[in-house]
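J.: Pasted the sequence and its predicted model underneath.
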Amino acid sequence: MMTSLHYNLVILGGGSAGCVLANRLSADPDRRVLLVEAGRRDWRFDVGIHMPAALTIPPGNRFYDWGYVSEPEPHMGGRRIAHARGRVLGGSSSINGMVFQRGHPLDYDGWAEEPGLEDWSHADCLPYFKRMEATPLGDEAWRGRTGPLHLERGAAEGPLFEALFAAAQEAGHGTTDDVNGARQEGFGRFDRNVRGGRRWSAARAYLHPVRRRPNLDVWTGAFARRIVLDGRRTDGVEIDHRGRRRFVLADDVICAGGAINTPQLLQLSGIGPTEVLREAGVDVRHDLPGVGRNLQDHLEVYVQHACTQPVSMSPQIQMWRRPWIGLQWLFGRGPGMTNHFEAGGFVRSRPAAPYPDLMIHFLPLAVRYDGTRPVEGHGYQLHIGPMLSDARGDLRIRSADPRVPPRLRFNYLSTEQDRSEWVEAIEVARDLLGQPAFRRFDGGELSPGPEVRGEKKILEWVAREAETALHPCGTCRMGEDDDAVVDPKTFAVRGLEGLRVVDASVFPKITNANIYAPVMMVAERAADRIAEQPDLPTERPERAR
């Protein structure tokens with residue numbers, strides 16, 4: 001039997017954007033808000049979520065991860081690329097690497113060049129980045145002090161980090177005091193969403209402090225099946241919750257499920273490209289060709305070296321040490337307090353690049369992101385990949401059954417620009433690790449290995465070994481052209497009333513960094529516009545040259 005309830009606002013997705021929206025929009029006591037999350041609660045003592053060094057546990061684990069997998073990628077030898085997405089309150093902010101990066105100011109100035117996005121420049125976005133931060137880091141002209149999201153900076157101490165910063169100078173990349181401040185380019189210590197040695201997810205920052213508001217309900221384990229339309233107007237949402245199918249009436253529905261779940265739900269609801277919907281057996285309610293298109297992501301590889309001296313953190317990840325590390329962490333000390341991604345840099349693949357298009361994370365150990373295939377003995381590595389690829393993919397539902405995962409095709413390595421930037425990226429990584437500062441530690445390149453030379457072999461290796469950096473976006477992009485899905489002024493789905501999208505899927509173009517911070521910035525700004533509040537005043541602090 002289907003039961004029904006009524007809310008002024010239903011937010012579908014309790015991830016990074018959904019938690020921001022739930023906080024800001026429930027601040028009005030006259031607005032009754034329901035936040036719907038298909039995953040489970042983020043229990044306070046769940047070590048897999050809250051211990052920073054446990055970041056290798058969630059990917060691939062069905063208790064934390066939806067476990068999406070791409071279709072065979074045609075330019076990567078038919079490989080299917082695993083794509084972890086958070087299956088827990090806080091969404092992917094509860095399972096990510098905790099690296100906090102805004103992207104370059106020119107990313108947002110590039111957004112503002114798109115028709116209809118003229119007020120999405122960096123000057124427009126900066127006040128919202130500042131509003132969400134609570135950090136003593138950096139210049140007040142660039143950084144926020146009183147927001148809900150607490151940030152720490154990686155210590156990045158020890159011989160290998162010292163070698164990294166010295167090598168950056170030797171290679172001509174330089175250093176920066178704050179990659180989220182006036183100068184992104186160069187190498188420095190990274191900000192991370194960690195507070196007191198615990199992950200500070202969007203749920204911890206935005207949702208838990210307001211959970212007791214009487215006008216805010218939060219459902220976990222609640223699966224949204226479809227959005228119900230009455231003509232061009234949203235009527236409500238059909239949800240499976242606690243063994244019952246419920247129809248929730250809503251004045252407004254906000255899709256905040258991310259770049260995979262949001263376009264999937266729209267298509268399941270009959271909103272999307274006609275040919276995709278008909279092929280899946282879904283009745284077409286609103287033909288909107290752009291839903292599921294423009295899929296973008298970052299791809300990355302590991303360039304690994306053996307270390308000749310016992311100065312890496314490799315011994316700390318051995319299985320027999322983990323109980324002791326966990327016990328230390330419970331008492332607020334030890335290696336469990338770090339996410340390991342404590343430093344890195346942003347560099348240009350070639351001098352002609354207008355701003356940095358490569359991101360590098362440095363780890364004082366050699367291991368894959370999911371903790372597999374660790375190097376025996378001591379090692380260190382760079383994670384590197386192009387940030388501004390022009391490769392585009394798409395998402396399509398394969399069935400009218402909402403439990404069936406959608407088809408994902410990213411088309412990695414599909415363009416000449418993308419392939420060229422990959423060859424340049426490996427050359428940049430090798431040049432950095434080959435500087436004199438690393439010479440006393442260098443036990444030889446383990447991956448890709450000295451035999452991988454020249455464009456052909458490098459691209460073959462990338463196709464064989466690269467992994468997603470887990471930054472999907474763009475599948476319901478903002479704009480005014482025929483392929484745009486979302487109105488950049490109101491976040492309303494074009495051609496419909498009472499339905500909005502606020503998450504990474506609205507990005508017109510991917511940013512040149514991790515996307516956690518820009519997703520929450522977008523949600524902060526969307527909350528003001530949905531609540532019909534004026535935008536925060538623009539800010540234009542002086543940028544470093």
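T.: Now that the structure is in, tell me what you want to look at.

J.: can you pull the buried residues of the lowest-mean-pLDDT helix or strand in the chain?
T.: Within the chain, no helix or strand scores below helix 322-330, which has a mean of 79 by mean pLDDT, DSSP states H and E. Buried residues in helix 322-330, defined by neighbour count with 16 or more other C-beta atoms under 10 Å: 322, 325, 329. C-beta: built from backbone N, CA, C; applies to glycine.

J.: how far does it sit from the chain's center?
T.: Distance of helix 322-330 from its chain centroid, counting by C-alpha atoms, centre = their mean, to the nearest Å, is 28 Å.

J.: What score does residue 317 have for pLDDT?
T.: Predicted confidence (pLDDT) for residue 317: 63.

J.: and which of the buried residues of helix 322-330 is nearest to residue 200?
T.: residue 329 (14.9 Å; C-beta to C-beta).

J.: Can you give me the separation between the residue nearest to the closest one when sequence neighbours are not counted and residue 383?
T.: In space, not counting the residues next to it along the chain, residue 329 is nearest to residue 336; the distance is 3.2 Å by C-beta to C-beta, 6 or more residues apart in numbering. From residue 336 over to residue 383 the distance is 21 Å, taken as C-beta to C-beta, to the nearest Å.

J.: How about residue 187?
T.: Taking C-beta to C-beta, one finds residue 187 at 14 Å from residue 383.

J.: Show me which of the two is the more surrounded one.
T.: residue 187 (27 against 20; other C-beta atoms under 10 Å).

J.: if I read this right, the more buried one contacts residue 162, doesn't it?
T.: No. Applying C-beta atoms under 8 Å as the test, residue 187 and residue 162 come out as separate, 11.7 Å apart.

J.: Could you tell me how many residues sit around residue 243?
T.: 6.

J.: nope, residue 449 is what I was after
T.: Close neighbours of residue 449, defined as other C-beta under 10 Å, add up to 12.

J.: Relative to residue 483, how far out is it?
T.: 42 Å.

J.: Return the residues in contact with the residue found closest to residue 191 once you drop the neighbours it is linked to in the chain.
T.: Distance criterion C-beta to C-beta, 6+ apart; nearest residue to residue 191, sequence neighbours excluded, is residue 100 at 4.3 Å. Residue 100 makes contacts with 151, 180, 190, 191, 192, 193, 514, 516, 517, as judged by C-beta atoms under 8 Å, 6 or more residues apart in numbering.

J.: Just the pLDDT for residue 100.
T.: Taking residue 100 on its own, its pLDDT is 97.

J.: And residue 488, by the same measure?
T.: 97.

J.: Verify the stated contact: it with residue 120.
T.: Yes. In this structure residue 488 lies within contact range of residue 120 using C-beta under 8 Å: 6.5 Å.

J.: any common contacting residues for those two?
T.: Common neighbours of residue 488 and residue 120 (C-beta under 8 Å, 6+ apart) are residue 478.

J.: returning to that earlier point: what is in contact with residue 187 and residue 383 at once?
T.: 344, 360.

J.: Okay, and the beta partners of residue 447?
T.: Applying DSSP bridges to residue 447 yields these beta-bridge partners: residue 304.

J.: in the stretch 351-500 of the chain, which segments are predicted with low confidence?
T.: 368-375 (pLDDT under 70).

J.: residue boundaries of the helices in it?
T.: Taking DSSP state H, counting those that start in this stretch, the helices of the stretch 351-500 of the chain run over residues 416-433, 454-465.

J.: Now the shortest one - C-alpha only, PDB.
T.: Read that as helix 454-465. Coordinates of the C-alpha atoms in helix 454-465 are reproduced here as PDB (Å, rounded to 0.1, in the frame of the first residue of the first chain):
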ATOM      1  CA  GLY A 454      57.600   7.300 -26.300                       C
ATOM      2  CA  GLU A 455      54.000   8.300 -27.100                       C
ATOM      3  CA  LYS A 456      52.800   4.900 -28.100                       C
ATOM      4  CA  LYS A 457      54.000   3.000 -25.100                       C
ATOM      5  CA  ILE A 458      53.000   5.800 -22.700                       C
ATOM      6  CA  LEU A 459      49.400   5.800 -24.000                       C
ATOM      7  CA  GLU A 460      49.200   2.000 -24.000                       C
ATOM      8  CA  TRP A 461      50.300   2.100 -20.300                       C
ATOM      9  CA  VAL A 462      47.800   4.800 -19.400                       C
ATOM     10  CA  ALA A 463      45.000   2.900 -21.100                       C
ATOM     11  CA  ARG A 464      46.000  -0.200 -19.100                       C
ATOM     12  CA  GLU A 465      46.700   1.300 -15.700                       C
END
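
J.: Tell me where the stretch 101-250 of the chain has strands.
T.: Counting by DSSP state E, counting those that start in this stretch, one finds strands in the stretch 101-250 of the chain at the ranges 133-134, 149-150, 152-153, 186-189, 191-192, 194-195, 198-199, 216-220, 222-230, 233-241, 244-255.

J.: okay if I get these as CSV plus distance to residue 541?
T.: Below are these laid out as CSV (distance: least, C-beta to C-beta, whole Å):
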stretch, distance to residue 541
strand 133-134, 15
strand 149-150, 20
strand 152-153, 20
strand 186-189, 18
strand 191-192, 17
strand 194-195, 26
strand 198-199, 30
strand 216-220, 35
strand 222-230, 41
strand 233-241, 40
strand 244-255, 32
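
J.: Using a markdown table, please lay out those together with mean pLDDT.
T.: Output for the strands of the stretch 101-250 of the chain, formatted as a markdown table (pLDDT from 0 to 100):
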| stretch | mean pLDDT |
| --- | --- |
| strand 133-134 | 96 |
| strand 149-150 | 98 |
| strand 152-153 | 96 |
| strand 186-189 | 98 |
| strand 191-192 | 98 |
| strand 194-195 | 96 |
| strand 198-199 | 96 |
| strand 216-220 | 98 |
| strand 222-230 | 97 |
| strand 233-241 | 97 |
| strand 244-255 | 97 |
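
J.: what's the closest of these to residue 415?
T.: Across the strands of the stretch 101-250 of the chain, closest to residue 415 is strand 186-189 (C-beta to C-beta), at 27.8 Å.
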